[in-house]
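1. Starting from these lines, generate the structure:
(chains A and B)
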Amino acid sequence: MLLNQFLLLAGALFCIGVYGVIVRRNGVMVLMSIEMILNAVNINLVAFGAFNGTPIGSVFALFVIAVAAAEVGIGLAIVLLIYRNKKSIDFSEVDTLKG
Amino acid sequence: MIAALFAQISTGDDLYVAQNIFWWFIAILMVIAAIKVVTTDNIVHAALYLVIVLAGVAAQFIFLGAEFAAATQVLVYIGAIVVLLLFGIMLTRGSLGDEELTDNEQRGMGALVGLMLFAVMAFALVDGFEDVVLPEDTRNLVEVQAPIDTTLDDDTFINVTRGSDTAAIGDAIFEKYIVPFEAVSVLLLAALIGAIVIARKE
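-> Okay, the predicted model is just below:
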């Protein structure tokens, strides 16, 4: 198998996730797109770890998975708080800090 | 890259052919599901397509010989994070069903940004790693000493090679990367308390 197969697949997932973050209005859907970006990074880490013959790639992928779990927990708490205050999770309506 | 792939398939053994066919099947499935995640109007369907993407990522880890990361991926992502996202969807149900409101007006610009980003990345990757082949056996095997027979006394050992990289990952986490590991556990605790504090009703 070629190393580039995995890297290009991860790149495609990353770009689709970036598109989702830009385009989606729903807060939960934005979080889903962020999860896809983090997974693309994990594929890259594990692929380079396998390429270099070390387990370090998997180790850092595990760290990223743990941090992603913390991130999605906090993110959903924030989305719930926005929903409770504004009765909507449309991120384009959250512009209180806009000048 | 495609030519190198076909050369590898034509000269390699049967294992490579089967591996590559399954790889492309899973990769195309993943990309289709990922596009559906960011384009579908139904948010519950988006969460279910996300499950396909995450399971595909676990399959990629298996292809790369990282079984432990694949198992963690299934447990943490599909088992916990998707369920958490579904809970978030159910708790904010008021915004379900308004199909025109799932995307904002920046669709064209977002697609342009995504495509250009992918073009730059693909050029850099093909330019930098053209036809670099992964090692045939990507598992990080460690040699350990294990008793061959429990009825023998403990001094009788044989060198065996473990068939997974779990032992190597455990060695790395608990020796070289023990400080980041502890930092991650403190981070998870802080995130837990923070989520409770943020989402609690006053």
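
2. which element is the residue nearest to the spatial centre of chain B on?
-> In chain B, the residue lying closest to the centroid (Cα atoms, centre = their mean) is B:Val57, at 3.7 Å. B:Val57 is part of helix B:43-63, with elements assigned from DSSP states H and E.

3. So which elements touch that helix?
-> On a contact count with 3 or more Cβ pairs under 8 Å, 6 or more residues apart in numbering or on different chains; DSSP states H and E, helix B:43-63 meets helix A:3-23, helix A:27-52, helix B:14-39, helix B:67-72, helix B:82-91. Every residue, glycine included, has its C-beta placed from N, CA and C.

4. what's the last one packed up against?
-> Contacts of helix B:82-91 with other secondary structure elements, assessed using 3+ Cβ pairs under 8 Å, 6+ apart, are made with helix A:27-52, helix A:56-86, helix B:43-63.

5. Relative to the whole chain's centre, how far out is it?
-> Relative to the centre of its chain, helix B:82-91 is centred 20 Å away, using Cα atoms, centre = their mean, to the nearest Å.

6. Any idea which helix or strand in chain B has the lowest mean pLDDT?
-> Within chain B, confidence by mean pLDDT, DSSP states H and E is lowest for strand B:158-161 among all helices and strands, at a mean of 52.

7. Now the helix or strand that that one is followed by - C-alpha only, CSV.
-> Downstream of strand B:158-161, the next assigned helix or strand under DSSP H and E is helix B:166-171. Extracted in CSV, the C-alpha atoms of helix B:166-171 (Å, rounded to 0.1, in the frame of the first residue of the first chain):
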residue,chain,number,x,y,z
THR,B,166,-0.7,-2.9,22.1
ALA,B,167,2.3,-3.8,24.1
ALA,B,168,4.4,-1.2,22.3
ILE,B,169,1.8,1.5,22.8
GLY,B,170,1.6,0.6,26.5
ASP,B,171,5.3,0.9,26.9
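
8. what's the angle between the helix or strand just after helix B:166-171 and helix A:56-86?
-> With elements assigned by DSSP H and E, the helix or strand that comes after helix B:166-171 is helix B:178-199. In terms of direction (axes from the mean of the first three to the mean of the last three Cα atoms, to 10 degrees), helix B:178-199 departs from helix A:56-86 by 10 degrees.

9. neighbouring contacts of helix B:178-199?
-> With Cβ atoms under 8 Å, 6 or more residues apart in numbering or on different chains as the test, helix B:178-199 has contacts from A:63, A:66-67, A:69-71, A:73-74, A:76-78, A:80-81, B:173-174.

10. domain parsing for chain B?
-> Annotated domains of chain B cover B:1-97+B:106-135, B:139-202 [automatic domain parsing].

11. Quick one: residues contacting residue 72.
-> Just going to use chain A. A:Leu31, A:Ile34, A:Glu35, B:Ile81, B:Leu84, B:Leu85.

12. that's the wrong chain, I wanted chain B
-> With contacts defined as Cβ under 8 Å, 6+ apart, B:Thr72 is in contact with A:Leu62, A:Ile65.

13. That one and A:Leu8: what is the separation?
-> 24 Å (Cβ to Cβ, to the nearest Å).

14. neighbours around B:Ala80, how many?
-> 13 (other Cβ atoms under 10 Å in any protein chain shown).

15. do the one 5 residues further on as well
-> Neighbouring residues of B:Leu85 were enumerated by other Cβ under 10 Å; the total is 25.

16. what's the closest non-adjacent residue to it?
-> Closest residue to B:Leu85 apart from its sequence neighbours, by Cβ to Cβ, 6 or more residues apart in numbering or on different chains: B:Ala47 at 5.4 Å.

17. Next one, pLDDT for that neighbour please.
-> In this model, B:Ala47 is scored at 93, pLDDT.

18. what's the burial count for it?
-> Using other Cβ under 10 Å, B:Ala47 is surrounded by 20 other residues.

19. give me every residue that touches B:Gly114.
-> By Cβ under 8 Å, 6+ apart, the contact list for B:Gly114 reads A:Cys15, A:Ile16, A:Val18, A:Tyr19, A:Ile22.
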